[in-house]
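>>> Structure of the sequence below:
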Amino acid sequence: MSDRSRSLPDQPNLRYLKIEAKRRLSAGEFPSLHDAQLAIAREHGLSSWAALKATVEAAEARFPALGHVRWVADRFAGADDPGWAAPEGDELRDHFDEHYLSLVPAQKLIGTLRSLAPRLRADLVVSHTTPLAVRAQIADLRVEAAARPDPPHRLATLSVYPLGQRVTDPRTAAPATRSSTGAPARAVRVAEESFAELGLVGLALAGRDRDDETPLWTVVRGWAQLDRNEPLHADHRFPAYGVSKLVTSTAVLRLVAEGRVDLDGPANAHLRTLRLDDGGVTVRELLTHTGGVVSPDERFADAIIDPVAPLGHTVSCDNRRGSLVPSDGGYAVLGQLIADVTGAPYPEAAAALVLEPTGMVGSWFPVRWPENDAIGGHLLSGDGSFVGAPRQVCTLPAAGGLWSTAPDLVRFGLAWSSLLPDELVREALRPQVAQPSGASVGLGWLINEAKDLYGHPGTGPGAAASLTIRLGTGAVTAVCTNRQVPIEPVNARLIRTAG
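Numbers count the residues shown, from 1 in each chain. Reported below is the predicted structural model:
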């Protein structure tokens, strides 16, 4: 038996220790699995395998999010075996929060994880963990997860997405990085590291730190459109998707400040073109995704013909009113409310109320995928090469139709509060509804007081965007890319040292 002494890592992995015992048995170091396990236990200063197992389980209890992620990897690693049995509802609920399972139905979750089975058999390499959050890699997959703050700390979010190692497209080799005067070195590092890690075509970063005298800076890397070999520059426009909701919420609050909209009154009191079938739903409930408004199934098309058509003239509400359920339909209704109150189509009203006064000169709501100074969306094919994403736009402009540049998103983040009275700014940033992850929803904004941040992400066909602002200092960063990947972790890294 070995007489080497080892210490357990901060987050020990029982699965790894079991595999190590079997490996050393197969290598002929020990006559039996029991002997191999006993040797490993003693190498870690413990008298038996049972004692080692108890020690590891106690350590894992200190990191519940990591424990749940390891359960996912272990449970689904053999899912491609014909005899594998899928977990049923109670087993899933031991590891996933009920709200998460309401957003990601069990069959969809199981199907997605089952498709990853061969890769889940690799070692889970943890790059960062706290008791309630995990960032890790397994095979060529990035894993991001967060657990609820209340016991038993089930997972409230789980993202699993491919890293850049899968990219074999020679057109993305040796991308150029261009930065403006004053761009911090940390932003260039984030751009270069993230580009390779996520496997991107193009990446645009922009920001401004705490000092008001500091100019807005930009960093761009890669290509706007691969099929045209077009380099990305800071003025290229991206679909901002969910970030559009911030323009809508700010426009609504401007109308509230002018006394033209009652924040806590029924939305139907201001609607003329369409109606909610629940007449009691308030404007505040639409802003906080608690109105129970049903979203249309089809939200993307080649062109926007009629912004009311996807909703119908009577918009359905379900029995989830009062609960937080993200609703593009609710924000589409707010867009029509803005149009009905101002007498102008939503794109024109939003431009007058928000885009123009915040200096967002490169932003607008196109009716189809734009041609000039606009990115092309990209998808990664199975062989590691990029293909063009469908050139479709969101048919609900107020929920996801904004096209913008990374600098324009920063301009919005810097100036939006100047459009509103102080009391409405405070109300917009007051946590109104708690999220399972521990963050909150304000009036349009997603707020994480523990991290001193607020903002909003957006993702859709072929692209993603993220806007983040520090609550304490007002520092703003924005990230845009022309591949549909979770981009918020890039922005989190970018703003971590800002302002």
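>>> I'd say R70 and L124 touch.
Yes. Counting by Cβ atoms under 8 Å, R70 touches L124, with 6.3 Å between them. Heads up, the C-betas are built off the backbone N, CA and C, glycines and all.
>>> which helices and strands does the host helix or strand of V479 pack with?
According to DSSP states H and E, V479 maps onto strand 476-481. Strand 476-481 sits against strand 202-208, helix 406-415, strand 463-470, helix 488-495, with contacts defined as 3 or more Cβ pairs under 8 Å, 6 or more residues apart in numbering; DSSP states H and E.
>>> Format these as JSON lines; extra columns: mean pLDDT.
Shown next, in JSON lines, are the helices and strands packed on strand 476-481 (pLDDT from 0 to 100):
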{"stretch": "strand 202-208", "mean pLDDT": "96"}
{"stretch": "helix 406-415", "mean pLDDT": "97"}
{"stretch": "strand 463-470", "mean pLDDT": "96"}
{"stretch": "helix 488-495", "mean pLDDT": "88"}
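>>> Tell me which of the ones you listed sits nearest to F300.
F300 lies closest to strand 463-470 among those, at 11.9 Å (Cβ to Cβ).
>>> The closest one vs helix 488-495, what angle?
40 degrees (axes from the mean of the first three to the mean of the last three Cα atoms, to 10 degrees).
>>> what about dumping the CA coordinates of strand 463-470 to PDB?
The C-alpha trace of strand 463-470 is given here as PDB (Å, rounded to 0.1, in the frame of the first residue of the first chain):
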ATOM      1  CA  ALA A 463     -26.400  37.200 -31.400                       C
ATOM      2  CA  ALA A 464     -26.300  38.200 -27.800                       C
ATOM      3  CA  ALA A 465     -25.900  41.500 -25.800                       C
ATOM      4  CA  SER A 466     -25.500  42.500 -22.200                       C
ATOM      5  CA  LEU A 467     -25.600  45.900 -20.400                       C
ATOM      6  CA  THR A 468     -24.400  46.100 -16.800                       C
ATOM      7  CA  ILE A 469     -24.100  49.100 -14.400                       C
ATOM      8  CA  ARG A 470     -22.700  49.500 -11.000                       C
END
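>>> For the remainder of this discussion, apply numbering that starts at 615.
In the new numbering, first residue 615, that becomes strand 1077-1084.
>>> Could you spell out the sheet neighbours of that strand, each with its direction?
strand 1067-1074 (antiparallel), strand 1090-1095 (antiparallel) (DSSP bridges).
>>> between those, which one is nearest to H850?
So among the strands paired with strand 1077-1084, strand 1090-1095 is nearest, using Cβ to Cβ, at 8.4 Å.
>>> quick one, helices of the stretch 715-864 of the chain?
Ranges of helices within the stretch 715-864 of the chain are 720-729, 731-734, 799-812, 858-871, based on DSSP state H, counting those that start in this stretch.
>>> Could you work out which of the ones you listed reaches nearest to G703?
helix 720-729 (6.3 Å).
>>> Contacts only, for the residue nearest to L1060 when sequence neighbours are not counted.
Excluding the flanking residues, the one nearest L1060 by Cβ to Cβ, 6 or more residues apart in numbering is H1070, at 5.5 Å. Counting by Cβ atoms under 8 Å, 6 or more residues apart in numbering, H1070 touches 856-857, 859-860, 1058-1060, 1080-1081.
>>> Any chance of a ChimeraX selection covering the buried ones in these?
Here is the ChimeraX command that picks out the buried ones among the contacts of H1070, judged by 16 or more other Cβ atoms under 10 Å:
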select :856,857,859,860,1058,1059,1060,1080,1081
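>>> Reformat the contacts of H1070 as CSV; add distance to N986.
Output for those, formatted as CSV (distance: Cβ to Cβ, whole Å):
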residue, distance to N986
G856, 24
V857, 21
K859, 26
L860, 25
G1058, 30
W1059, 31
L1060, 32
S1080, 24
L1081, 24
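>>> closest to P959 among the contacts of H1070?
K859 (17.9 Å).
>>> Tell me which residues touch the closest one, please.
Contacts of K859 (Cβ under 8 Å, 6+ apart): 945, 1012-1014, 1058, 1070.
>>> repeat for S863
So S863 contacts 901, 948, 1042, 1057-1059 (Cβ under 8 Å, 6+ apart).
>>> Would you check how far apart it and V1090 are?
For S863, the distance to V1090 (Cβ to Cβ, to the nearest Å) stands at 17 Å.
>>> Give me the spatial nearest neighbour of T743, chain neighbours excluded.
L680 (5.1 Å).
>>> Show the pLDDT at the one you found.
As predicted, L680 sits at a pLDDT of 86.
>>> what's the answer for L727, then?
93.
>>> residues in contact with it?
Listed by Cβ under 8 Å, 6+ apart, the contact partners of L727 are 686, 690, 693, 734, 774.
>>> for these, which one is nearest P1100?
Among those, V774 lies closest to P1100 (Cβ to Cβ), at 9.6 Å.
>>> tally of neighbours for the closest one?
By the criterion of other Cβ atoms under 10 Å, V774 has 20 neighbours.
>>> Just list whatever residues bridge to it.
Here V774, judged by DSSP bridges, has bridge partners V757.
>>> how close does V1024 get to E1037?
Counting by Cβ to Cβ, the gap from V1024 to E1037 is 25 Å.
>>> With neighbour numbers in mind, choose between those two.
Counted by other Cβ under 10 Å, V1024 and E1037 do not tie: V1024 has more neighbours, with 25 against 9.
>>> mind listing what that one touches?
Here V1024 is in contact with 820-822, 830, 1081, 1090-1092 (Cβ under 8 Å, 6+ apart).
>>> If we only consider these, which is nearest to S662?
Distances from S662 to the contacts of V1024, taken by Cβ to Cβ, are shortest for T1091, at 51.4 Å.
>>> Show the contacting residues for that closest one.
Taking Cβ under 8 Å, 6+ apart, one finds 819-821, 1024, 1081-1082, 1105, 1108-1109, 1112 in contact with T1091.
>>> For the contacts of V1024, name the two members farthest from one another.
Farthest pair in the contacts of V1024, by Cβ to Cβ: L830 and L1081, 13.4 Å.
>>> returning to that earlier point: quick one: distance of the helix or strand the residue nearest to T743 falls within to the chain centre.
Per DSSP H and E: L680 is located in helix 678-690. Offset of helix 678-690 from its chain centre (Cα atoms, centre = their mean, to the nearest Å): 20 Å.
>>> Any chance you could list what contacts that helix?
Here helix 678-690 has contacts from 625, 627, 629, 674-675, 701, 709-710, 727-728, 730-731, 734, 738, 740, 743-748, 750, 752, 757, 759-761, 766-769, 772, using Cβ under 8 Å, 6+ apart.
>>> Which strands or helices does the helix or strand just after it pack on?
Proceeding N to C from helix 678-690, the next assigned helix or strand is helix 703-707, under DSSP H and E. Contact here means 3+ Cβ pairs under 8 Å, 6+ apart; on that basis helix 703-707 packs against helix 720-729.
>>> The same query, at a cut-off of 10 Å, please.
If you count contacts as 3 or more Cβ pairs under 10 Å, 6 or more residues apart in numbering; DSSP states H and E, helix 703-707 packs onto helix 678-690, helix 712-717, helix 720-729.
>>> Can you say which of the ones you listed is packed in most?
helix 678-690 (a mean of 21; mean count of other Cβ atoms under 10 Å).
>>> mind showing which ranges of the stretch 665-814 of the chain have poor pLDDT?
670-675, 778-779 (pLDDT under 70).
>>> Can you tell me which of the contacts of V1024 is nearest V718?
L1081 (24.3 Å).
>>> got the contact list for that closest one?
820, 854, 856-857, 860, 1018, 1020, 1023-1024, 1026-1027, 1030, 1059-1060, 1068-1072, 1090-1094, 1102, 1105 (Cβ atoms under 10 Å, 6 or more residues apart in numbering).
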